[in-house]
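A.B. asks: heads up, no residue letters with this:
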Ligand code: IPE
Ligand code: IPE
Ligand code: MG
């Protein structure tokens, strides 16, 4: 599925190395079907599989998915527990295949807020997929970008207080090194589904020069073709990084 688009991507040249996705619209997908919201989240798991496999096919190296924000803790307890249960289920069900596919899973965010079961599952998938060398799959869970930046500031202040760093060592690279995303380059492409035109506290630092792609498709309806369409669109962009073209 999507072979035509995939060959076009290959003809165009390199795929974006790092793709980030705000997976949005599960609730609306459920409402359109008069289903409870958690069934929308459940349906969204298939879309995660689609973009992981599509990412592997297209040669994406890093895929960073926004799965649950710090602000999402303010949702009703029933929805939160359904989401946490799905997380554990996703991990139990996918870990073997992800490992086979060469995917290394990393969970970014404040994991101290996760229930013990979810936290154990997260640690398990990170441990078991550690050697994956084809794709880094970053799941942002209990993640907020401002929280991540405040944490970075705190970590740096601590090092200055301890005398490990001098004040003048605190530059952009020093901040970058304290972000959850430190091991990876910034996203080249950000996709947001369900048509919302905002960042919702996602990767504010890292997205400084990222190309944005917003699609009206609701997350549970996303297939690898949607990822391929976004990549094709990206390949037609001109990234100037503030310079002018020669
Ligand atoms: C995205 O879908 C999943 C999470 C934020 C956890 P939503 O639950 O936000 O779905 P909508 O935006 O209400 O449709
Ligand atoms: C952003 O979606 C968070 C995730 C996709 C996990 P939200 O649905 O929470 O964002 P808002 O509330 O519409 O900005
Ligand atoms: Mg939403």
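C.D. replies: Sure, I can see it. Because the structure is predicted, anything quoted here is derived from the model rather than measured. Ligands and ions are numbered 1, 2, ... in the order given.
A.B. asks: drop to CA atoms for contacts and neighbour counts, all remaining ones
C.D. replies: Will do.
A.B. asks: which helix runs longest in the protein?
C.D. replies: As assigned by DSSP state H, the longest helix anywhere in the chain is helix 77-101.
A.B. asks: quick one: buried residues of it?
C.D. replies: Within helix 77-101, the residues that qualify as buried are 79-80, 83-84, 86-88, 90-91, 95, 98-99, 101, counting by 16 or more other Cα atoms under 10 Å.
A.B. asks: which of these lies closest to ligand 2?
C.D. replies: residue 83 (10.5 Å; Cα to the nearest ligand atom).
A.B. asks: distance of the residue of the chain positioned farthest from its centre relative to residue 154?
C.D. replies: Residue farthest from the centre of the chain, counting by Cα atoms, centre = their mean, is residue 163 at 34.6 Å. Here the criterion is Cα to Cα, to the nearest Å. By it, residue 163 lies 14 Å from residue 154.
A.B. asks: with residue 6 instead?
C.D. replies: According to Cα to Cα, residue 6 and residue 154 sit 44 Å apart.
A.B. asks: ditto for residue 135
C.D. replies: Here residue 135 is placed at a distance of 30 Å from residue 154 (Cα to Cα).
A.B. asks: again, but for residue 90
C.D. replies: 33 Å.
A.B. asks: could I get the contacting residues of the residue nearest to the spatial centre of the chain?
C.D. replies: Geometric centre of the chain, nearest residue: residue 65, 1.9 Å, by Cα atoms, centre = their mean. By Cα atoms under 8 Å, 6 or more residues apart in numbering, residue 65 lies in contact with 20, 21, 22, 23, 137, 138, 139, 140.
A.B. asks: for these, which one is nearest residue 236?
C.D. replies: Comparing the contacts of residue 65 against residue 236 with Cα to Cα places residue 20 closest, at 18.0 Å.
A.B. asks: which strand residues bridge the residue nearest to residue 181 when sequence neighbours are not counted?
C.D. replies: Leaving aside its chain neighbours, residue 181 sits nearest to residue 108 (7.7 Å; criterion: Cα to Cα, 6 or more residues apart in numbering). Residue 108 has these beta-bridge partners by DSSP bridges: residue 140.
A.B. asks: what's the neighbour count on residue 108?
C.D. replies: Number of residues near residue 108 (other Cα atoms under 10 Å) recorded here: 20.
A.B. asks: thinking again about what came up before, quick one: the residue farthest from the centre of the chain from residue 176, how far?
C.D. replies: Plainly put, residue 163 is 20 Å away from residue 176 if you go by Cα to Cα.
A.B. asks: ok, now residue 5?
C.D. replies: Distance of residue 5 to residue 176, computed by Cα to Cα: 35 Å.
A.B. asks: what of residue 78?
C.D. replies: Taking Cα to Cα, one finds residue 78 at 36 Å from residue 176.
A.B. asks: tell me which element residue 183 falls in.
C.D. replies: Of the helices and strands defined by DSSP states H and E, none includes residue 183.
A.B. asks: name the nearest residue to it, ignoring sequence neighbours.
C.D. replies: Setting aside the residues directly before and after it, residue 183 is nearest to residue 177 in space (Cα to Cα, 6+ apart), at 8.0 Å.
A.B. asks: tell me the spacing between the one you found and residue 240.
C.D. replies: 25 Å.
A.B. asks: same drill for these two, tell me which one is more crowded.
C.D. replies: residue 177 (13 against 9).
A.B. asks: so which of the contacts of residue 65 also contact ligand 1?
C.D. replies: Filtering these for neighbours of ligand 1 using Cα under 6 Å from any ligand atom leaves residue 23.
A.B. asks: cross the contacts of residue 65 against helices and list the overlap.
C.D. replies: Per DSSP H, the contacts of residue 65 never map to helices.
A.B. asks: thanks a lot, catch you later.
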